[in-house]
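# sequence? don't have it. structure:
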Ligand code: NI
């Protein structure tokens, strides 16, 4: 399941994040890559332990916690600290798959990457190319979203970033471990959550059928969640 989550950051928050990261010291993006990714990756990145990445990452994490759509779709257990990258002058990231287990350097924090996320931090009118192409069950999907919007997709999927031929593509990216490991189970829970919410708008949260369906949701989550 690929899901676009609009307005994770407000325009003011995008501006704040950009002010912080644009003043940071950028390095070659291969700092975070595995051997295979390093062959395909051409971009710049903020060092993950830099003050700028930590401060801007904190703003992103706070925003994620406020997004009901993100929480419902991801059912996050552990989120890797957000990282930041940018592409310019024809840079791209060839077809690859993300590393299954991510370890935060110098700590014992590690996650299984169930979901990958890209949070766009640049107005799409200001650069050409830079689409995130995600291979899915129904063929490749091209994603290029307004600044502040985010895409969430299975970390198991092959994906690439197309060459940026004009301007700069700036984004935050990160991985997370979900409470529900199985992709299909997570999708069913998300569908049910969205359906219950739609019904509750019509009938009210206290309606017996809404209470019943909410119970079904939680019982499935109880069955499938590892926490
Ligand atoms: Ni990737």
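Yep, that arrived. Since the model is a prediction, treat every value here as computed from it, not as a measurement.
# the nearest residue to residue 65 once chain neighbours are set aside: what secondary structure?
Leaving aside its chain neighbours, residue 65 sits nearest to residue 71 (7.7 Å; criterion: Cβ to Cβ, 6 or more residues apart in numbering). (C-beta placed from N, C-alpha, C; glycine too.) At residue 71 the chain is in helix, as set by DSSP: H, G, I helix; E, B strand; the rest coil.
# quick one: low-confidence ranges for the chain?
Scanning the chain for pLDDT under 70 picks out 31-38.
# what residue is smack in the middle of it?
In the chain, the centroid-proximal residue (Cα atoms, centre = their mean) is residue 117; its distance is 1.6 Å.
# wait, a helix at that residue?
No: counting by three-state DSSP, residue 117 is located in no helix; its state is strand.
# and residue 175, what does it touch?
For residue 175, the contact set (Cβ atoms under 8 Å, 6 or more residues apart in numbering) comprises 79, 80, 98, 102, 111, 113, 114, 115, 116, 117, 155.
# pretty sure the fifth one contacts residue 80?
What that stands for is residue 111. Yes: applying Cβ atoms under 8 Å, one finds residue 111 in contact with residue 80, separated by 5.5 Å.
# next, the buried residues of the longest helix belonging to the chain.
Determined from DSSP state H, the single longest helix within the chain is helix 183-203. The neighbour-count check on helix 183-203 (16 or more other Cβ atoms under 10 Å) flags 183, 185, 186, 189, 190, 192, 193, 196, 199, 200 as buried.
# leaving out sequence neighbours, find the closest residue to the third one.
The spatial neighbour of residue 186 that comes closest, neighbours along the chain excluded (Cβ to Cβ, 6+ apart), is residue 180 at 4.4 Å.
# same question, the last one
Once flanking residues are discounted, residue 200 sits nearest to residue 210: 4.7 Å by Cβ to Cβ, 6+ apart.
# what's the neighbour count on that neighbour?
For residue 210, the count of nearby residues is 18 (other Cβ atoms under 10 Å).
# touching the helix or strand containing it from outside, list them.
Using DSSP states H and E, residue 210 sits in helix 208-224. Residues from elsewhere that reach helix 208-224 (Cβ under 8 Å, 6+ apart): 75, 179-180, 182, 185, 188-189, 192-193, 195-196, 199-200, 203-205.
# partners of the longest strand belonging to the chain in the sheet?
Counting residues, the longest strand found in the chain (DSSP state E) is strand 168-178. In the sheet, strand 168-178 lines up against strand 76-79 (antiparallel), strand 83-88 (antiparallel), strand 115-120 (antiparallel) (DSSP bridges).
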